[in-house]
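Enquirer: Sequence first, predicted model second:
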Amino acid sequence: MINKIARSVADALSDVKDGATVLIGGFGTAGIPDELIDGLIAQGAKDLTVVNNNAGNAEAGLAALLKAGRVRKIICSFPRQADSYVFDDLYRSGKLELELVPQGNLAERIRAAGAGIGAFFSPTGYGTELAKNADGSLKETREIKGKHYVLEFPIHADVALIKAEQGDRWGNLTYRKAARNFGPIMATAAQKTVATVHEVVELGALNPEHIVTPGIFVHAIVKIDRVKTQAGGLKKAA
């Protein structure tokens, strides 16, 4: 019987290795799998390459992973925000590498990995510093029908950590509003995908038309209870 529901976050993340490339879902603070990030800190894997749209807020979630010194390199679109001081300090002191990728290119590089695309040409970044490799050399460019493009490569990962809303024991997932963001494409681009859900439902309870991430892309699900806020309400997924 297929049953991808893990007993705990620790069990789901037990095999993450040092030096792994980790895709972490979320857009700003929407859809961040905080419990999985905390579990990754506790698990102890280090020298990680992390891919996220941002570079963390304050000292929680992704910022906590950076502060713990577990990340060697971050690939993202928006590393600097009003409260991104953990990233700022690490980057300015030379303790963290940064690969800055335009948001559309970031999404497409992840999607391309899941779709089996070897590389693609994008007009974004042509003629700018973003059209250079890490060593300063120029990326390959091509003119197509009078327009200039830059060759970009997929971002493959060892692990994807994402936050969903509902799941079943086969690993089928639905999402809630903005929490959907990068999760679906990240699930396809990693060797292993771990997702948190707020509700585990019986097999067949999810409307097939509402399933965004099919279970074939998911390897482990962890149920996470909603957290009550100080006002007495429930902390939402997005």
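Expert: Perfect, I can see it now. Numbering: from 1, shown residues only.
Enquirer: Quick check: can you name the pairing partners of the strand or helix carrying residue 49 and their directions?
Expert: In this assignment (DSSP states H and E), residue 49 forms part of strand 48-51. Strand 48-51 has its sheet partners listed here by DSSP bridges as strand 21-24 (parallel), strand 71-76 (parallel).
Enquirer: which of the residues in the longest one are buried?
Expert: Think strand 71-76. 71, 74, 75, 76 (16 or more other CB atoms under 10 Å). No exception for glycine: its C-beta is placed from N, CA and C like everyone else's.
Enquirer: Point out where the protein drops to low pLDDT.
Expert: Low-confidence segments of the chain, defined by pLDDT under 70, span residues 228-238.
Enquirer: ok, which stretches of the protein are strands?
Expert: 21-24, 48-51, 71-76, 97-100, 120-122, 141-144, 147-152, 157-163, 166-167, 173-174, 190-197, 199-200, 220-223 (DSSP state E).
Enquirer: Between these, which one is closest to residue 62.
Expert: Ranking those by distance to residue 62, with CB to CB as the measure, places strand 21-24 first at 6.2 Å.
Enquirer: what's in contact with that closest one?
Expert: Under the contact criterion CB atoms under 8 Å, 6 or more residues apart in numbering, strand 21-24 has outside partners 16, 32-33, 36-37, 40, 48-52, 62, 110, 155-162, 182, 186, 189-190.
Enquirer: can we see that at 7 Å?
Expert: Here strand 21-24 makes contact (CB atoms under 7 Å, 6 or more residues apart in numbering) with 33, 37, 48-52, 62, 110, 157-161, 186, 189-190.
Enquirer: is the closest residue to residue 221 other than its chain neighbours in a bridge, and if so with what?
Expert: Excluding its sequence neighbours, the residue lying closest to residue 221 (CB to CB, 6 or more residues apart in numbering) is residue 167, at 4.6 Å. Beta bridges link residue 167 to residue 173, residue 200, judged by DSSP bridges.
Enquirer: What of residue 50?
Expert: residue 22, residue 74.
Enquirer: wait, it sits on residue 71?
Expert: Yes. In this structure, residue 50 is within contact of residue 71 by CB atoms under 7 Å, at 5.1 Å.
Enquirer: Residue 202: neighbouring residues, count only.
Expert: Other residues near residue 202 come to 8 when the count uses other CB atoms under 10 Å.
Enquirer: Please apply the same query to residue 38.
Expert: Neighbour tally, residue 38, other CB under 10 Å: 15.
Enquirer: What's the separation between it and residue 8?
Expert: From residue 38 across to residue 8, the span is 12 Å (CB to CB, to the nearest Å).
Enquirer: on that earlier part again, for residue 208, find the nearest of the strands of the chain.
Expert: For the strands of the chain, the distance to residue 208 is smallest for strand 173-174, at 10.8 Å, taking CB to CB.
Enquirer: what's next to stretch 82-102, contact-wise?
Expert: 55-59, 63, 66-67, 71-75, 77, 79-80, 109, 124-125, 130, 134.
Enquirer: likewise stretch 217-227?
Expert: 4-6, 8-9, 12, 35, 167, 171, 173, 187-188, 192-198, 200, 234-235.
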